[in-house]
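Peer 1: what follows is a predicted protein model with its sequence.
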There are 2 protein chains.
Amino acid sequence: MRFVELADHSCISNLMPEINSLHALIAKRWSPRAFTSQPVDPATLRTLFDAARWAFSSNNEQPWRFVVGTKDNPEEFARVLDVLVPGNQAWAKTAYVLGVSFGKKTFSYNGSPDRFGLHDAGAALANLAIQATAMGLHVHAMGGFDAVRARTEFGVPDDFEAGAAFAIGYLDGPDTPPAPRTRKPLEEFLFGTEWGKPLF
Amino acid sequence: MRFVELADHSCISNLMPEINSLHALIAKRWSPRAFTSQPVDPATLRTLFDAARWAFSSNNEQPWRFVVGTKDNPEEFARVLDVLVPGNQAWAKTAYVLGVSFGKKTFSYNGSPDRFGLHDAGAALANLAIQATAMGLHVHAMGGFDAVRARTEFGVPDDFEAGAAFAIGYLDGPDTPPAPRTRKPLEEFLFGTEWGKPLF
């Protein structure tokens, strides 16, 4: 296990000049469609997946698995590219790294159903995206891929279900989304204990 | 929409003295079982859920919803506490904020199935946990609650499924887990395009 020095904390608080402001790594993250040819070196890639593994998971099952191809090995890269839908292939081919996440459907300690497989895989990929942002990389998660073909192509056991595909690389172009990112206002998804009634 | 100033970037790079080190906000996050009675003020809570909403989601559906009770309203707090399993109630009652996440099962634009409802809800909760860490708060996600009772108790529509319960508050005690956090080594979950064969 590697931990960064806790001396960093002073800097974390510097990052929060307004106590209630959104953290830069969350505010800045976005999903581009153009990457440069700059390689993502193995040490960098390891750190990204190190971030993924420190996500929370139900019963610390760590149900996430990742199948990854990089341009270090063009054949493996092509195999992942091949399961994407054509609309995603068109731009994702510029990324140096492509992958697909999976979630385990059972708890390993007793074989009972784990309904958090994809939930926790999503948390792990979110951690990875935050770490990537901190390292000057960008990640684009994709729902558009052939999950059935991915199973057979990668030899996925029955006990796992496909999560999301993703592209990782260095951004080509300015670090601003082509259109402003939009999200629902809080009152549409944050309720008190009566569904639909905003907490605030 | 609120964005922090991009001047923060200089500090982000200060946070990365070793280019391949895990970011402090990811390395430091852990799930405690004891919180102080210090209130989490509404502005802080809003910022946490602001972080959640900037997560990625399939087709930008933002399928996450959150039901939340705080000790500002003891009745609502009790209603959320009540759906937790007794083992979680025992410690979660010390948190100032309790909640349950939900994921939408269909895409809103055409009603077709969205299999990323819980995946993306997990990503949103991971973002929230990172933001909480940056603000000196702690989050503990829980699988142990009665998802069926939560549906009826909160009036959850059929089109949503329960995700995770969670506690949010200020830590009571030293900021170190009672036991070292453990995770699988990379080679157990990061594969090349042949399942089970480590990428590295």
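Peer 2: The structure has been received and is ready for your questions. Keep in mind it's a predicted model, so treat the numbers as computed, not measured.
Peer 1: quick one: low-confidence parts of chain A?
Peer 2: Residues of chain A meeting the criterion pLDDT under 70: A:1-19.
Peer 1: show me where it has strands.
Peer 2: For chain A, the strands defined by DSSP state E occupy A:64-70, A:97-104, A:138-142, A:160-169, A:190-191.
Peer 1: so which of the ones you listed is the most surrounded?
Peer 2: Neighbour counts (mean count of other Cβ atoms under 10 Å in any protein chain shown) averaged over each of these peak at strand A:97-104, with a mean of 27. For glycine as for every other residue, the C-beta is placed from the backbone atoms N, C-alpha and C.
Peer 1: make CSV out of the strands of chain A and add distance to A:Leu118.
Peer 2: Listed next are the strands of chain A as CSV, based on distance: least, Cβ to Cβ, whole Å:
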stretch, distance to A:Leu118
strand A:64-70, 9
strand A:97-104, 4
strand A:138-142, 12
strand A:160-169, 5
strand A:190-191, 22
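Peer 1: closest to B:Tyr109 out of those?
Peer 2: strand A:138-142 (17.2 Å; Cβ to Cβ).
Peer 1: how about that closest one and chain B, touching?
Peer 2: Yes - using Cβ under 8 Å from any Cβ of the partner chain, we find that strand A:138-142 touches chain B at A:Ala141.
Peer 1: who does that strand touch, helix- and strand-wise?
Peer 2: Packing partners of strand A:138-142 (3 or more Cβ pairs under 8 Å, 6 or more residues apart in numbering or on different chains; DSSP states H and E): helix A:86-92, helix A:117-134, strand A:160-169.
Peer 1: return the most buried member of the ones you listed.
Peer 2: By mean count of other Cβ under 10 Å, the helices and strands packed on strand A:138-142 have helix A:117-134 as the most buried, with a mean of 29.
Peer 1: what sits against A:Phe49?
Peer 2: A:Phe49 is in contact with A:66, A:128, B:186, B:189-190, counting by Cβ atoms under 8 Å, 6 or more residues apart in numbering or on different chains.
Peer 1: likewise A:Ser58?
Peer 2: Residues near A:Ser58 by Cβ under 8 Å, 6+ apart: A:107, A:114, A:116, A:119-120, B:141, B:143, B:164.
Peer 1: ok so, going back, out of the helices and strands packed on strand A:138-142, nearest to chain B?
Peer 2: Across those, chain B has its closest neighbour in helix A:117-134 (3.5 Å, Cβ to the nearest Cβ).
Peer 1: tell me what angle that closest one forms with strand A:138-142.
Peer 2: 160 degrees (axes from the mean of the first three to the mean of the last three Cα atoms, to 10 degrees).
Peer 1: distance check, A:Asp50 against chain B.
Peer 2: To chain B, A:Asp50 is 5 Å away according to Cβ to the nearest Cβ, to the nearest Å.
Peer 1: am I right that that residue is in contact with B:Leu186?
Peer 2: Yes - if you go by Cβ atoms under 8 Å, A:Asp50 and B:Leu186 touch, sitting 7.1 Å apart.
Peer 1: higher neighbour count, those two?
Peer 2: Legend: neighbour count by other Cβ atoms under 10 Å in any protein chain shown for A:Asp50 and B:Leu186, higher for A:Asp50 (23 against 18).
Peer 1: before we move on, the earlier item: and of the contacts of A:Ser58, the nearest to B:Val100?
Peer 2: B:Ala164 (7.3 Å).
Peer 1: for that closest one, give me its contacts.
Peer 2: B:Ala164 sits next to A:58, A:116, A:119, B:100-101, B:121-122, B:125, B:141-143 when contact means Cβ under 8 Å, 6+ apart.
Peer 1: ok, 10 Å please
Peer 2: By Cβ atoms under 10 Å, 6 or more residues apart in numbering or on different chains, the contact list for B:Ala164 reads A:56-58, A:115-116, A:119-120, A:123, B:99-103, B:118, B:121-122, B:125, B:141-145, B:147.
Peer 1: how about A:Asn20?
Peer 2: B:2, B:41-48, B:50, B:135.
Peer 1: just these that are near chain A?
Peer 2: B:2, B:41-48, B:50, B:135 (Cβ under 10 Å from any Cβ of the partner chain).
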